[in-house]
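> Provided below are the primary sequence and the corresponding predicted coordinates.
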Amino acid sequence: MPAAAPSRPTLLFVHGWAFDAAFWAPLAAALADWPQAVADAGYFGPAADPAPAGPVLAIGHSLGALRLLGDAPPACLGLVAINGFARFGAAADFPEGVAARMLDRMLNRLATQTETVLRDFRQRCGDATAFGAPRLEPLARDLRLLRDADLRPALAKLPAPLLALAGAQDPISPPAMTAAGFGDLADIHWREGGGHLLPVTDTDWCAGHIRDFLARVAPGA
C-alpha cells in the first residue's frame, strides 16, 4: 500500500496592532490553495483565536509575529514574521527599539482620543482606509505588550525555523530594529522600497517567499 500523502499545513494568519482579520485578504487570496485560519485580536469586534488541527505554518504581521514568537501553535512547522520583530520597545540592551515615553504618550492619548491615535498610526503605516468602532481595552492591552514584551529569549529557543520578510523602508519596524532583534536566528529577506504593510503592498512577493518556505518545511504536502 502506498504511503499516505503528508498532511497539508494550515496557514494561521495573525494580524498586527490597529488592524483586524480583514488585513489578510490579499495574501490569503494569493495562497488560497492552502488550508487557512485567521485570528482576530478583537480591536473592532469579536475576537477570534482559531486552533487548527494538524500541522500549522504560523504567519504574523508586526505585533502578530511578536505574539506568535511567545505562543506558537502546537504542531507549528515554521513561523513567518512579516514586518515583524522580537522586541519593539527600547531597552538598555536594545537601543534600536521605540522609546517607552513615545509608547506611553500613545497609551495616554488612546484613552481619550482612540480613533485619532488609530488613524494617525495607520496613516503612518501607509493605510488610510476606514475602520470600525474601536474597542479600547484590547487596543491598550496590546499597546502595552508592544512597549514591554521581549521575545528574544523565546526566539533563541524556537523549535521551528523562522522566515522574516522585511521592508527596507519600514517606518514602524525599521531595518535596524529587525536586524538587531532577529540577529542570525531568522532567514531575513528584504524588500527594497518596502514599507510596513508588505502583505498588502507586496502581496505576490510575500506569497512567493511563503511558498518557497512551505516547500522547505512541508515537502511533498
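Sure, I can see it.

> can you tell me which residues contact the residue lying closest to E192 once chain neighbours are set aside?
Distance criterion CB to CB, 6 or more residues apart in numbering; nearest residue to E192, sequence neighbours excluded, is A168 at 5.2 Å. Where you see a C-beta, it was placed from the backbone N, CA and C, and this is true even at glycine. With contacts defined as CB atoms under 8 Å, 6 or more residues apart in numbering, the neighbours of A168 are 175, 190-194.

> which phi and psi does A168 have?
Per-residue torsions, A168: phi -70, psi -20 (degrees, to the nearest 10).

> same deal with T203?
Main-chain dihedrals, T203, degrees, to the nearest 10: phi -60, psi -50.

> That one: neighbour count?
T203 has 18 neighbours, counted by other CB atoms under 10 Å.

> can I assume it is in contact with L27?
Yes. Between T203 and L27 a contact is recorded at 5.5 Å, counting by CB atoms under 8 Å.

> center of this structure - which residue?
For the chain, the residue nearest the mean C-alpha position is H61 (1.9 Å; CA atoms, centre = their mean).

> Name the residues linked to that residue by a beta bridge.
Per DSSP bridges, the residues bridged to H61 are I82.

> and it, what is it in contact with?
By CB under 8 Å, 6+ apart, the neighbours of H61 are 13-16, 19, 23-24, 82-84, 198-199.

> Could you check how far it is from H15?
H61 is 6 Å from H15, where distance means CB to CB, to the nearest Å.

> Between these two, which contacts overlap?
Common neighbours of H61 and H15 (CB under 8 Å, 6+ apart) are 23-24.

> can you give me the helices for the chain?
25-30, 63-70, 100-112, 114-125, 136-148, 152-156, 175-182, 198-201, 203-217 (DSSP state H).

> Low-confidence ranges, this protein, go.
Within the chain, the stretches with pLDDT under 70 are 1-6.

> repeat that for 90
Along the chain, the parts satisfying pLDDT under 90 run over 1-7, 74, 220-221.

> returning to that earlier point: format the helices of the chain as JSON lines; extra columns: distance to G54.
Converted to JSON lines, these look like this (distance: least, CB to CB, whole Å):
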{"stretch": "helix 25-30", "distance to G54": "18"}
{"stretch": "helix 63-70", "distance to G54": "17"}
{"stretch": "helix 100-112", "distance to G54": "37"}
{"stretch": "helix 114-125", "distance to G54": "33"}
{"stretch": "helix 136-148", "distance to G54": "28"}
{"stretch": "helix 152-156", "distance to G54": "23"}
{"stretch": "helix 175-182", "distance to G54": "28"}
{"stretch": "helix 198-201", "distance to G54": "24"}
{"stretch": "helix 203-217", "distance to G54": "14"}
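
> of all the ones you listed, which lies closest to G89?
Distance to G89, taken as CB to CB, is lowest for helix 136-148 among the helices of the chain, at 4.5 Å.

> Give me the contact list for the closest one.
Outside helix 136-148, the residues within contact range by CB under 8 Å, 6+ apart are 17-18, 41-43, 47, 63, 66-67, 88-89, 98, 100, 103-104, 106-107, 110-111, 114, 118.
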